[in-house]
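Student: Okay, here's the prediction I keep looking at, along with the sequence it came from:
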Amino acid sequence: MRQRLSLFRQPEEEEQEINITPMLDVVFIMLIFFIVTASFVKESGIDVNKPLAQTSQPKEKANILIAIDASGDIWIDRRKIDPRAVRANIERMHAENPQGTVVIQADADSRTADLVHVMDAARLAGVYDIAIAAPQPPQ
């Protein structure tokens, strides 16, 4: 049997809604992207009063930060390190990131012997890209 089509037939009302699933997918992917690409700032763990230098330059990829305070204590990753364990710590951190460089933040009142000890430990650990941190002079 044929059904007759009525010209004045009321269309069935469908519930109109916005599908937010694709939007949530995009937001989630963007969140993952920003987390993966974010650069995390590493700090040595203490504030150091660095001496001024007229020729200081910014250093990229400084992944191993070592601080020497005025009393001669050595700090890596917010931990006070025994001077005899500096080389082992640098070797471990360099193995995690072979392209990383060592940046030493020596206090202006620290002894030169402590700085030389840390530099020797870094070279013995196989890291030859070593820099000494200094604030950039105002221009």
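Tutor: Structure's in. What do you need? Numbers count the residues shown, from 1 in each chain.

Student: all helices of this protein, in order?
Tutor: Assigned by DSSP state H, the helices in the chain fall at 21-37, 86-96, 112-124.

Student: Now do the buried residues in the second one.
Tutor: Going by neighbour count (16 or more other Cβ atoms under 10 Å), the buried part of helix 86-96 is 86-87, 89-90, 93-94. (Glycine included, C-beta is placed from N, CA and C.)

Student: List just the nearest of those residues to residue 79.
Tutor: Nearest to residue 79 among these: residue 89, at 8.7 Å, using Cβ to Cβ.

Student: nearest residue to that closest one other than its sequence neighbours?
Tutor: Leaving out its chain neighbours, the residue that sits closest to residue 89 by Cβ to Cβ, 6 or more residues apart in numbering is residue 76, at 5.3 Å.

Student: Distance check, the one you found against residue 131.
Tutor: Noted for residue 76: a distance of 15 Å to residue 131, by Cβ to Cβ, to the nearest Å.

Student: More neighbours: which of those two?
Tutor: Remark: of residue 76 and residue 131, residue 76 carries more neighbours, 21 against 14, as counted by other Cβ atoms under 10 Å.

Student: Tell me where the chain is predicted with low confidence.
Tutor: 1-14, 39-62, 135-139 (pLDDT under 70).

Student: again, only using 50
Tutor: Counting by pLDDT under 50, the ranges of the chain that qualify are 1.

Student: Now do the strands in it.
Tutor: Here the chain has its strands, by DSSP state E, at 62-68, 74-76, 79-81, 101-106, 130-132.

Student: want to try a markdown table for the ones you listed, with distance to residue 32 as columns?
Tutor: Compiled in a markdown table, the strands of the chain are given as follows (distance: least, Cβ to Cβ, whole Å):
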| stretch | distance to residue 32 |
| --- | --- |
| strand 62-68 | 23 |
| strand 74-76 | 30 |
| strand 79-81 | 31 |
| strand 101-106 | 29 |
| strand 130-132 | 33 |
